[in-house]
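Peer 1: Just need the structure, nothing else, for what follows:
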Amino acid sequence: MAINRWDPFTVLARVDDDFEGLVRRTWGNAVTRTAGYVPAIDMVSDGTDVIITLELPGLDIAKDVEIEVHEGRLTISGQRQEAALSETSRTLVRELRYGSFRRDFALPDNVSAEDISADYDKGLLTVRVKNVTKPVEEPRKIEIKGSSVIKAVTQEESVTQAA
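Peer 2: Numbers count the residues shown, from 1 in each chain. Just a heads-up that it's a prediction; the model follows:
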């Protein structure tokens, strides 16, 4: 008796393909697939900066990944190329995701392309967006200038003084 393993990713990919086919039959080829996979991210704050880290192992960053800032949006996009198999090879298990990806992030009005830097190391793309949040200001007392400060007496205080 053969044992078949259930792979949820294969089932999800099949459902995704079926849905895409339904959409194409309904609206034609005007609808294009926008992402082959979505890389996982971490987003953390570091003081006033935000650091976005994407998992992108196995990519040639210079060739396969683009980072753009346009109209207040940070876009990180690229493509993971499928490895070419020899004619004698055949796929037994496919869990790696290939294809194009795109991640978009809204930027505050005060952030421009000059405020963004990126590094790639050991399969992780780290994008630092500077000055995203304003630092929290501590309360300050404002000195009142003048020779004498007149205290205003409210109506309630004058009634209690008269009694």
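Peer 1: Spell out, range by range, the helices that occur in the chain.
Peer 2: In the chain, helices defined by DSSP state H lie at 8-27, 61-64, 155-162, listed in chain order.
Peer 1: Name the residues that touch the shortest one?
Peer 2: Put plainly, it is helix 61-64. With contact meaning CB atoms under 8 Å, 6 or more residues apart in numbering, helix 61-64 is reached by 78-81, 120, 125. (C-beta placed from N, C-alpha, C; glycine too.)
Peer 1: Please pick the buried ones from those.
Peer 2: Among the contacts of helix 61-64, those buried by neighbour count (16 or more other CB atoms under 10 Å) are 78-80, 125.
Peer 1: Turn those into JSON lines, columns for pLDDT and distance to S45.
Peer 2: Converted to JSON lines, the buried ones among the contacts of helix 61-64 look like this (pLDDT from 0 to 100; distance: CB to CB, whole Å):
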{"residue": "G78", "pLDDT": "93", "distance to S45": "25"}
{"residue": "Q79", "pLDDT": "92", "distance to S45": "30"}
{"residue": "R80", "pLDDT": "87", "distance to S45": "29"}
{"residue": "L125", "pLDDT": "97", "distance to S45": "18"}
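Peer 1: which of these sit farthest apart?
Peer 2: The widest separation within the buried ones among the contacts of helix 61-64, taken as CB to CB, falls between Q79 and L125 and amounts to 13.8 Å.
Peer 1: who touches E82 in this structure?
Peer 2: Here E82 is in contact with Y98 (CB under 8 Å, 6+ apart).
Peer 1: Phi first, then psi, for it.
Peer 2: Phi and psi for E82, reported as degrees, to the nearest 10, are phi -80, psi 130.
Peer 1: burial count for S45?
Peer 2: 10 (other CB atoms under 10 Å).
Peer 1: just checking, it touches T133?
Peer 2: Yes - under the criterion of CB atoms under 8 Å, S45 makes contact with T133 at 6.8 Å.
Peer 1: list the contacts for the residue nearest the centre of the chain?
Peer 2: With distances taken as CA atoms, centre = their mean, F105 lies nearest the centre of the chain, 4.9 Å away. Listed by CB under 8 Å, 6+ apart, the contact set of F105 reads 52, 73-76, 129.
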